[in-house]
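In: sequence and predicted structure below; questions after.
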Number of protein chains: 2
Amino acid sequence: MSAELLDLSIAELATLLRDRKASPVEVTHAALDRIAKVDARLNSFITVTAEGALAAARRAEEEIGAGRWRGPLHGVPIGLKDLFDTAGVVTTNGSRIFKGVVPAVDAVVTTRLKQAGAVVVGKNNMHEFAFGSTTNNPHHGTCRNAWNPDHIPGGSSGGSGAAVAARLCFMSMGSDTGGSIRSPACLNGIVGHKPTYGLVSRRGVFPLSWSLDHAGPLARTVRDAALTLQVIAGHDPGDPASASLAIPDYAAGLEGGVRGLRVGVPREYFFERATEEVESHVRAAIRTLEGLGATIVEVSLPHVELAATAGMAIISVEAADIHREWIRTRPDDYGADVRPRLQAGALFSGVEYTRAQRIRALVQQEFREAMTRADVLAMPNNAIPAPRIDQTTIPVRGKDVWVMALMPSLTIPHNLTGAPALTVPCGFAASGLPVGLQIVGRPFEDATVLRVGHAYEQATEWHRHRPAM
Amino acid sequence: MSAELLDLSIAELATLLRDRKASPVEVTHAALDRIAKVDARLNSFITVTAEGALAAARRAEEEIGAGRWRGPLHGVPIGLKDLFDTAGVVTTNGSRIFKGVVPAVDAVVTTRLKQAGAVVVGKNNMHEFAFGSTTNNPHHGTCRNAWNPDHIPGGSSGGSGAAVAARLCFMSMGSDTGGSIRSPACLNGIVGHKPTYGLVSRRGVFPLSWSLDHAGPLARTVRDAALTLQVIAGHDPGDPASASLAIPDYAAGLEGGVRGLRVGVPREYFFERATEEVESHVRAAIRTLEGLGATIVEVSLPHVELAATAGMAIISVEAADIHREWIRTRPDDYGADVRPRLQAGALFSGVEYTRAQRIRALVQQEFREAMTRADVLAMPNNAIPAPRIDQTTIPVRGKDVWVMALMPSLTIPHNLTGAPALTVPCGFAASGLPVGLQIVGRPFEDATVLRVGHAYEQATEWHRHRPAM
C-alpha cells in the first residue's frame, strides 16, 4: 500500500489523509524510502530532510487525528527547489558559494506551505544560481531525466521536475525566469505552472532577475498545481512586485470546461522553432481542445522572435547586479558556464539594457492585442523533447541549433509579459520522451489557464503515463 | 469684444462659438494679434502659424455656420509644444538639429485635436529636446514667466505654460517626463495635467524617455483640461505603451464634489522639500478640500526620496539611447547643458540602470499601498515659486539648493508610477508668483483627479487671477 500512495495525485491522497485512510507518517516514509532507492541515479535532491519531514508528518498525523485537517496539502510530502529559503536547513541556491549556508528564516512560500501542513522532504537540485547551463551542476552533480537517465531533466528547476515525475514527492516548488518551471516540467512529462508575475511572493527565493523571476509549482496534475497555487498566492508587502488582489478558488474553477473559449494559436515563431514531431503533437492537442468546444483563432505576435534576445540581456544584467561582489572577489567559486555569463552581464551598457526593455514593451503590447482576440494562447512548451546530456547542438528542421539557446526560446516570451503560463503533457516523441502543450493567459487570469489545462488533461489522460524506474 | 474673448475659458468660448455669438476667425485674429503684441517679450512661441490658423478658423466658421459643430474645441486657438509633429510645419523639438525640419505626418495627438476642430496658432518654445536646463534655450531664446519676465516659466513645456497664462492661446499640449507639464503650469499659475501613462498616444511626439514620457494639456481651468483629455485620450496601436480602455466622459464627471473622498497627505518628503511659504499655501488648500467634505488621511511613502535620483538615471540612459548617433557625430549642435547630460547617460552601465528600475518598482509598490488608504494624494507641485532666470541655487529652509535638481523633485515620483497628476493654482507667494497644489490619483482614475481639482478650483477661484501684461 505505502509505495502505491506515491502514485496518487495530491487531490487523491488528500482525501485519504483527511479521512484517516492513509497516514502522513506512512506516506512520508514511502517518499523517503523511494528517494533512498532511486535518487542515487536521478540526483534530484541536494538535501534530504528526513528527520524534519518525519517530525512534520507526525505533527500532521496528530492534528488530523484531532480533527484539525488544514486542507489538501496537510501531510503531503513535497520538495523545494534549493533556492527557497528553509529555516534551519542548508539552502545552496545550486552554488558552491552557499554550500553549508543555513537561512534563519523561511521564504514566504516555504512558510505558507508549512502552514498548510505540507511536509518538506528535501531541497531539489537545480542549475547553479538558476543560471547554469542545460546539463551539469559542477557543485552538486548532474541531475537526470526521470524518463531516461541519459537525457537532461531541463532546468533550472531540473531536480523538481525529475523528483515529481519519479514520484519522490507530490509537488516541488520551482522558479521561472525564462522557462525554469515549465521546461523541466515539460521534459519530465508533468505539469508546470508559472503564475502571473506578482501573484506569488519571491521573498526568500534567491533572485536571478528581479523583473522576470516567478515562483510556482511543478506537479503531476493540473488540479495539484491549482491546490498549491491556492496556498502560495497572495499579497506580500516584502516583494516589491507583489500585487494586492482577491485570490479566487482555483480548484473550484477547474471544471468549467472550454466550450466557447477562444484559443489563440500564434502564427509566428512558436511552431516553426519546434521540431516537426513536437509541432504535430501540439497541433493534435489543439484539435482536442477544439473537439471539447473551444474556438480556435489565429493570432499574430510579429516581434516575438526578439523576445529571447531581450530576455537574455535583461537576465544577464540583473544577475550581474546581484552577483557583482562575488564575481569580483570569488570568481573561482562559480562554474565555468555561469562565470563568463555573469562577467558578460556586467559589460552591458544602460543603453543596451534599455533597448532590451523597449523590445519587452513591444512584445507586451502585441501580447495584449492578441489577448483581445483570444482568451488563452496554445503553443509548444519546448521546441524539442529532452536532449541527451552530452548534446550541445541538436538538429531542428534540418539545421543544427545550440541547445542552450533553444531551451528557453518558447517559454521566455511569457516571462517578458508576466502572463500566467502552464505546461501540460500532450504525448510522447518516438524516443519515448514527453512533449508538452503550453497554455498562456491574460495577467491574473491563472484560473482560466488552469481550467483549459485541466479540461485537456481529463480528456487525454497523458498524466497517467509514468516513467518506469 | 475680440480681445476679451481671450479671457474666456474653452468651455465659455465654446458656447459662444457653437451659438455663433463669436466667430472662430475673430478669436483666432485676436490670439494672433496678442501674440504679435506680447510674445516678443515672452518668447513663448518658436513658430507662429498665422496662415494655417486662419485657414483652419475659416473652415471651422463654415462648418459651424452649416450646423456641423464638432464639439468644445471647434474653432478654439491652441498651441503645441514644439515636439508634437505637425505636417507641413517645422517641428524643432527645441533643438538646433531639427531647425527647419518639416514632418510629413501629424502626431496622433495633433491629428485628434485637428479633427476636433482646434485651430493651431503655433508651436511653443521648450527646453532643448525637453532635456535642457531650467532657464535658457540656446537655439530658440529664453522664454519668460507670464507673471514676471525676470523669472523662468519652468519647463520643459515653458512656452506652453507662459502662452496659456498670458492668454495667447486657450490650451497648449505639453509633454511630461519628470514634471514638464506640471512645473510650467504651476509656475505660470495655470492647470497642468499629466494623464495616466498609456492613456494618451505619444506617436509623433519626440521622445525623451520612452518609459517616463507622458503627453497632456496645459490649460486655464480644470474643465478645459478635461475637455482636451476627452479629445486626446484613447488607444493607439502605434505607441507600445498605449492602453486599450473605455474612455469615460471626463467633463460629465467634474461636478461630483469631494464629499467622502479620502485625500492622502504624504508624511515624508513632499512638504519638507518645499519652502515654508509653499507648504503653508498647500496645507491651506488641503484644509479647503476638507471643508468641502473630503476626509484627510496621512499616508507614508518611505522610499520616495530615492525617486528623483532613479528617475534622472532612467531619463539619462533612455535619452542617451535616442541621441546615440547625433551626440557622437554632431556634439556641437547640442547646447552646453544638454550635451554633457547625454554623454553622461551613455556611460551608465546596465547594472546601474537596473538598480534605478528596482527603486522604481519599490516606489510603485509603496504608492499602490498608499492608494489603498486614499483615493487621491495632495501635495505641493513645485518646492518653490518660479526662480529668477539668473538663479542657479535658491535657499529652501535655510539651505541653498541647486534649482535644476529642485524643479522636478516633487513631480518626478509620479512619472515613475505613471499615475495621473494634476496641478491647480492654490495661491500666490509674497513675490506675486503663483503656487500650485498637486493632486495625484490611481492609474486610469484621471476622472477622480480632475473632479478633485475642479472642486478646489470652483471653491477658490484662483484661476480668475491673471498676469498683468
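Out: That came through fine.
In: most proximal residue of the stretch 1-150 of chain A with respect to chain B?
Out: In the stretch 1-150 of chain A, the residue that lies nearest chain B is residue A:108 (14.9 Å; Cβ to the nearest Cβ). From N, CA and C alone the C-beta is placed, and that goes for glycine too.
In: ok, that residue touching residue A:204?
Out: Yes: Residue A:108 is within contact range of residue A:204, at 5.9 Å (criterion: Cβ atoms under 8 Å).
In: can you pull the residues that touch both of these two?
Out: The contact sets of residue A:108 and residue A:204 do not overlap (Cβ atoms under 8 Å, 6 or more residues apart in numbering or on different chains).
In: the stretch 101-250 of chain A: helices as residue ranges?
Out: A:108-115, A:158-165, A:182-187, A:222-232 (DSSP state H, counting those that start in this stretch).
In: now mean pLDDT and distance to residue A:245 too, for those helices, in CSV please.
Out: Shown next, in CSV, are those (pLDDT from 0 to 100; distance: least, Cβ to Cβ, whole Å):
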stretch, mean pLDDT, distance to residue A:245
helix A:108-115, 98, 16
helix A:158-165, 98, 26
helix A:182-187, 98, 23
helix A:222-232, 98, 13
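In: nearest to residue A:443, out of these?
Out: Among the helices of the stretch 101-250 of chain A, helix A:222-232 comes nearest to residue A:443, with 14.6 Å by Cβ to Cβ.
In: helices or strands next to the closest one in the packing?
Out: Packed against helix A:222-232 by the contact rule (3 or more Cβ pairs under 8 Å, 6 or more residues apart in numbering or on different chains; DSSP states H and E) you find helix A:10-18, helix A:108-115, strand A:171-176, strand A:191-194, strand A:214-219, strand A:421-428, helix A:446-460.
In: hmm, who's touching the fourth one?
Out: Applying Cβ under 8 Å, 6+ apart, the set of residues contacting strand A:191-194 from outside is A:161, A:174, A:176, A:181-186, A:214, A:216-222, A:224-225, A:229, A:411, A:414-415, A:420-425, A:436, A:446, A:449-450, A:453, A:457, A:463.
In: got the CA positions of it in CSV?
Out: C-alpha atoms of strand A:191-194 as CSV (Å, rounded to 0.1, in the frame of the first residue of the first chain):
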residue,chain,number,x,y,z
VAL,A,191,2.6,19.9,-15.1
GLY,A,192,4.4,23.2,-14.5
HIS,A,193,2.7,26.5,-13.8
LYS,A,194,4.4,29.9,-13.9
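In: do you know which of the helices of the stretch 101-250 of chain A lies nearest residue B:380?
Out: Among these, helix A:108-115 comes nearest to residue B:380, with 37.2 Å by Cβ to Cβ.
In: next, the buried residues of the closest one.
Out: By 16 or more other Cβ atoms under 10 Å in any protein chain shown, the buried positions in helix A:108-115 come out as A:108-114.
In: next one: stretch A:315-325
Out: The neighbour-count check on stretch A:315-325 (16+ other Cβ under 10 Å) flags A:315-323 as buried.
In: how close does the nearest residue to residue A:392 once chain neighbours are set aside get to chain B?
Out: Closest residue to residue A:392 apart from its sequence neighbours, by Cβ to Cβ, 6 or more residues apart in numbering or on different chains: residue A:403 at 5.9 Å. From residue A:403 across to chain B, the span is 26 Å (Cβ to the nearest Cβ, to the nearest Å).
In: now residue A:238
Out: According to Cβ to the nearest Cβ, residue A:238 and chain B sit 10 Å apart.
In: now swap in residue A:270 and tell me
Out: Distance of residue A:270 to chain B, computed by Cβ to the nearest Cβ: 21 Å.
In: neighbours around that residue, how many?
Out: Using other Cβ atoms under 10 Å in any protein chain shown, residue A:270 has 24 neighbouring residues.
In: in stretch A:423-430, what counts as buried?
Out: Neighbour counts using 16+ other Cβ under 10 Å place A:423-429 of stretch A:423-430 among the buried residues.
In: I should have written stretch A:137-156 there, sorry.
Out: By neighbour count on 16+ other Cβ under 10 Å, the buried set for stretch A:137-156 is A:137-140, A:142-149, A:151-156.
In: do the same with stretch A:2-20
Out: Neighbour counts over stretch A:2-20 (16+ other Cβ under 10 Å) mark A:5-6, A:8-14, A:16-18 as buried.
In: try stretch A:242-258
Out: Buried, per 16+ other Cβ under 10 Å, within stretch A:242-258: A:242-243, A:250-251, A:254, A:257-258.
In: also within reach of chain B: list those from those.
Out: Near chain B, taking Cβ under 8 Å from any Cβ of the partner chain as the test, the members of the buried residues of stretch A:242-258 found are residue A:242.
In: of the buried residues of stretch A:242-258, which is the nearest to residue B:381?
Out: For the buried residues of stretch A:242-258, the nearest to residue B:381 is residue A:243 (29.4 Å; Cβ to Cβ).
In: so that closest one touches residue A:235, yeah?
Out: Yes: counting by Cβ under 8 Å, residue A:235 is a contact partner of residue A:243 at 6.8 Å.
In: count of residues packed around the residue nearest to residue A:123 when sequence neighbours are not counted?
Out: Nearest residue to residue A:123, sequence neighbours excluded (Cβ to Cβ, 6+ apart): residue A:82, at 3.9 Å. By other Cβ under 10 Å, 29 other residues sit near residue A:82.
In: residue contacts, residue A:82?
Out: Residue A:82 is in contact with A:46-47, A:91-94, A:123-126, A:159, counting by Cβ under 8 Å, 6+ apart.
In: and the buried residues of stretch A:423-430, which is closest to chain B?
Out: Closest to chain B, out of all of the buried residues of stretch A:423-430 and judged by Cβ to the nearest Cβ, is residue A:423, at 27.6 Å.
In: would you agree residue A:430 falls within a strand?
Out: No: Residue A:430: not assigned to a strand; according to DSSP: H, G, I helix; E, B strand; the rest coil it is coil.
In: distance check, the closest residue to it other than its chain neighbours against residue A:385.
Out: Nearest residue to residue A:430, sequence neighbours excluded (Cβ to Cβ, 6+ apart): residue A:277, at 6.8 Å. Distance check for residue A:277 against residue A:385: by Cβ to Cβ, to the nearest Å, it reads 8 Å.
In: so between those two, which is more surrounded?
Out: Counting neighbours by other Cβ under 10 Å for residue A:277 and for residue A:385 shows that residue A:385 has the greater number, 27 against 16.
In: I'd like to know how many residues surround the nearest residue to that one once chain neighbours are set aside.
Out: Excluding the flanking residues, the one nearest residue A:385 by Cβ to Cβ, 6+ apart is residue A:433, at 3.7 Å. Per other Cβ under 10 Å, the neighbour tally for residue A:433 reads 20.
In: what residues does residue A:91 make contact with?
Out: By Cβ under 8 Å, 6+ apart, residue A:91 lies in contact with A:82-85, A:98, A:101-103, A:123, A:206.
In: quick check: neighbours shared by residue A:277 and residue A:385?
Out: A:429, A:435.
In: quick check: residue A:438 touching residue A:413?
Out: No: here residue A:438 lies out of contact with residue A:413, judged by Cβ under 8 Å, at a distance of 10.2 Å.
In: more neighbours: which of these two?
Out: Neighbours around residue A:438 and residue A:413, counted as other Cβ under 10 Å, are more numerous at residue A:413. The numbers are 33 against 28.
In: does the more buried one touch residue A:306 like I think?
Out: No: Residue A:413 lies out of contact with residue A:306 (Cβ under 8 Å); the separation is 9.3 Å.
In: which residues do these two both contact?
Out: Residues touching both residue A:413 and residue A:306 (Cβ under 8 Å, 6+ apart) are residue A:363.
In: next, count neighbours for residue A:460.
Out: Neighbours of residue A:460 under the rule other Cβ under 10 Å: 17.
In: contact partners for it?
Out: Residue A:460 makes contacts with A:285, A:288, A:426, as judged by Cβ under 8 Å, 6+ apart.
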